[in-house]
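Q: using only what follows, build the 3D model:
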Amino acid sequence: LNNYGTIIDSNIEIGTQMFSSTYTRPRFDNLPGGSVTGGTITAGYSVTGVGTKQGALHNQGGIAGAGITVLTEFINQASGVIDLAGGYLRMTCSGATLEARNFGTITGGTIDNYCSVWYGEGDGTSWSDPFNWSMGIVPAGYSSVRIYMASGETAEIHVDVDVTLSNVIYLRGPGLTLVIDPGVTLSMDRGYASAGRILDMRSAAIVNNGTLINHHLFDSGYSNSPTSASTIDNNGTLENHGKLNNFAGSSLLNNNTLANYGILNSWGVFNNATTGSIDNTVGEMFSYCGASYLDEGTFAGSTPVFLCGIWDGEAGDGDWSTAANWEGDLLPNADAEIILPAASGAIHVTSTATVDNSLEIGLGTTLIVDAAAVLTVDGTIAGDGDLTNDGLIQQGTNGTGRFGGYSEYFKGYLLNNGTIDSLIIRRFRSPDAVTDNYGTIQYASVVLDASGVVLNNYGTIIDSNIEIGTQMFSSTYTRPRFDNLPGGSVTGGTITAGYS
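A: I've put the predicted structure just below:
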């Protein structure tokens, strides 16, 4: 839409989904001599269940009293004049990188700068230089801050003034290093209790030479993906009052002072150097499978709890309850990540065992819950191996126990001769997986969502909800199936064969 004339009290929406790299954003150009008075202009917007619609507003004329919301692209050229009296200009970001630049004149009000994107077009290094940021404005405390480096780009950005952020800061790119200068504090604090993420760092680095304070969720790396591995190099003071996750492949290197008042989880490298001091008298620290921890400095409070149980079978009796069958000769506690490696043969739960985190059964390994034994599950059972239940598998107190999930898959053979009580049995992305029930499944939720998955019931199913259905992506796919066979009994609950 090219405007050379006058637009009065009208509402203009600019945006489409960019389905292909050949697409071009739709654009409203308010050209020299063009005038917009009142109304609203929306350049890019989100639609629930649809996604982000991208659009652009370019102004070379006059805009007065309009409500302007920008999600994707805004350029106010040198000849552009915007009077915010009676209107507003609001920068937002949601699922798209904001391009927002002002070369003209904006008067009559304050820009609502909810989204700040680093361009580095000022001195290229200083947080405090407005010309490094979108709209030529240093991020406000409420701004969502996005610093992305494309492949091959590098930047060392210095936080050279005290900053308190209540919104999320995103750091992306292997060439990106955020340096907190000596005497400077970067505080991430919403001013109220919140477990929501406030710092999301992937394939980037923070070098703290000042003070870094976290009150919420700080992710270094992402969900144990090595491609997102990041580094925290603490040469100053690091205070954690919330939760700090040091994911797999990432490094947390403490060379000075680390005070943990919250929860610090590590799947990566965590080193306390000879010059380092850690105070964990109030907080909790946990190391999981794959983590390494080296303490050469001073440490006060509880040392990190190692939450990893890896079966080595060295005792030779195949008994879960024998400490010598586990690495370090330590029985895994309930919160541990438990790994039964491939080709470990038969492993027996002979009395009681609890899984509150995760249990991975490798191919060629069978976990057997013996008659009269009890396995309590509040986490996820996954892997390519098999499970035979002759005893009781029961739901834990949190009600989150399950076989498989949408990101962890249980692909092996499940044979139930005993009782499975109140669990979720989710066969997702586990083609041709078979569950044979000769015992009792009760108060369960069963989802059969993969090609060729079968639940054969020769026993009893009581008050359970069974969903059977997968998308048939190929002619080679076979519908998942529930076979209630001779002698099989289903009482109560629901059965859904196919659904939208």
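Q: pLDDT weak spots in this structure?
A: Scanning the chain for pLDDT under 70 picks out 95-96.
Q: name whatever forms a beta bridge with L359.
A: I338, I381 (DSSP bridges).
Q: from I495, how far out is it?
A: 28 Å (Cβ to Cβ, to the nearest Å). For every residue, glycine as well, the C-beta is placed using N, CA and C.
Q: the two: who's more crowded?
A: L359 (26 against 14; other Cβ atoms under 10 Å).
Q: show me the contacts for the more buried one.
A: I338, L340, L367, V377, G379, T380, I381, A382, G383 (Cβ atoms under 8 Å, 6 or more residues apart in numbering).
Q: so the first one versus S266, what's the distance?
A: Note on I338: its distance to S266, by Cβ to Cβ, is 18 Å.
Q: do the last one as well
A: Taking Cβ to Cβ as the measure, G383 falls 23 Å from S266.
Q: same thing with the second one?
A: With the distance defined as Cβ to Cβ, L340 ends up 23 Å from S266.
Q: equivalent analysis for the fifth one, please.
A: Taking Cβ to Cβ as the measure, G379 and S266 are separated by 19 Å.
Q: thinking again about what came up before, nearest to E73, of the contacts of L359?
A: T380 (42.0 Å; Cβ to Cβ).
Q: wait, that closest one touches S358, no?
A: Yes: counting by Cβ atoms under 8 Å, T380 does reach S358; the two are 5.1 Å apart.
Q: these two: which is more packed in?
A: Set T380 next to S358 and count neighbours by other Cβ under 10 Å: T380 wins out with 23 against 18.
Q: contacts only, for the more buried one.
A: Contacts of T380 by Cβ under 8 Å, 6+ apart are S358, L359, G401, R402, F403, G404, G405, E408.
Q: and with 6 Å instead?
A: Neighbour list for T380: S358, R402, G405, E408 [criterion: Cβ atoms under 6 Å, 6 or more residues apart in numbering].
Q: among these, which lie within strands?
A: S358, R402 (DSSP state E).
Q: who wins on neighbours among the contacts of T380?
A: In terms of neighbours by other Cβ under 10 Å, those top out with R402 at 22 neighbours.
Q: isn't that residue right next to I424, touching?
A: Yes: R402 is within contact range of I424, at 3.6 Å (criterion: Cβ atoms under 6 Å).
Q: and stretch 185-203, how far out from the chain middle?
A: 14 Å (Cα atoms, centre = their mean, to the nearest Å).
Q: again, but for stretch 329-341
A: Mean-position distance between stretch 329-341 and its chain equals 24 Å (Cα atoms, centre = their mean).
Q: name the residues that touch it?
A: 288-289, 307-311, 323, 347, 354, 356-362, 365.
Q: still on that earlier bit, so which of the contacts of T380 comes closest to I82?
A: Taking the contacts of T380 together and measuring to I82 by Cβ to Cβ, the closest member is G405, at 49.5 Å.
Q: residues in contact with the closest one?
A: Residues near G405 by Cβ under 6 Å, 6+ apart: T380.
Q: 27 is where my numbering starts, stick with that
A: With the count now opening at 27, the last piece we talked about shows up as G431.
Q: where's it relative to S72, distance?
A: Applying Cβ to Cβ, the value for G431 to S72 is 27 Å.
Q: again, but for S170
A: If you go by Cβ to Cβ, the gap between S170 and S72 works out to 14 Å.
Q: isn't I467 up against G444?
A: No: judged on Cβ under 6 Å, I467 makes no contact with G444 at a distance of 10.1 Å.
Q: those two: who's more crowded?
A: Using other Cβ under 10 Å as the criterion, I467 and G444 rank with I467 on top: 28 against 23.
Q: give the partner strands of the strand or helix carrying the more buried one in its sheet and their orientations.
A: Using DSSP states H and E, I467 falls within strand 466-468. Strand 466-468 pairs in its sheet with strand 445-447 (parallel), strand 486-488 (parallel), by DSSP bridges.
Q: gap between it and the chain center?
A: 34 Å.
Q: can you give the contact residues for the next helix or strand after that strand?
A: The helix or strand immediately downstream of strand 466-468 is strand 471-475, counting by DSSP H and E. Contacts to strand 471-475, defined as Cβ under 6 Å, 6+ apart, come from residues I450, I451, R452, R453, F454, N491, I492, E493, I494, T496, P506.
Q: highest neighbour count among the residues you listed?
A: R453 (28 neighbours).
Q: partners of the strand or helix carrying it in the sheet?
A: In this structure, R453 sits in strand 450-454 according to DSSP H and E. Note on strand 450-454: by DSSP bridges, its sheet partners are strand 428-429 (parallel), strand 471-475 (parallel).
Q: got the contact list for the next helix-or-strand element following the longest one?
A: Pointing back at strand 471-475 there. Counting by DSSP H and E, the element after strand 471-475 in chain order, helix or strand, is strand 480-483. Outside strand 480-483, the residues that touch it by Cβ under 6 Å, 6+ apart are V460, T461, D462, N463, R507, F508, D509, N510, L511, G514.
Q: can you do 8 Å?
A: 453, 458-463, 467, 472, 474, 492, 506-511, 514-516.
Q: mind exporting it as PDB, just the C-alpha atoms?
A: C-alpha atoms of strand 480-483 as PDB (Å, rounded to 0.1, in the frame of the first residue of the first chain):
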ATOM      1  CA  VAL A 480      -0.200 -53.100  19.100                       C
ATOM      2  CA  LEU A 481      -1.700 -53.700  22.600                       C
ATOM      3  CA  ASN A 482      -2.800 -57.300  23.000                       C
ATOM      4  CA  ASN A 483      -5.000 -57.800  26.000                       C
END
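Q: pretty sure T348 sits against A341.
A: Yes: assessed by Cβ under 8 Å, T348 is found in contact with A341 at 4.5 Å.
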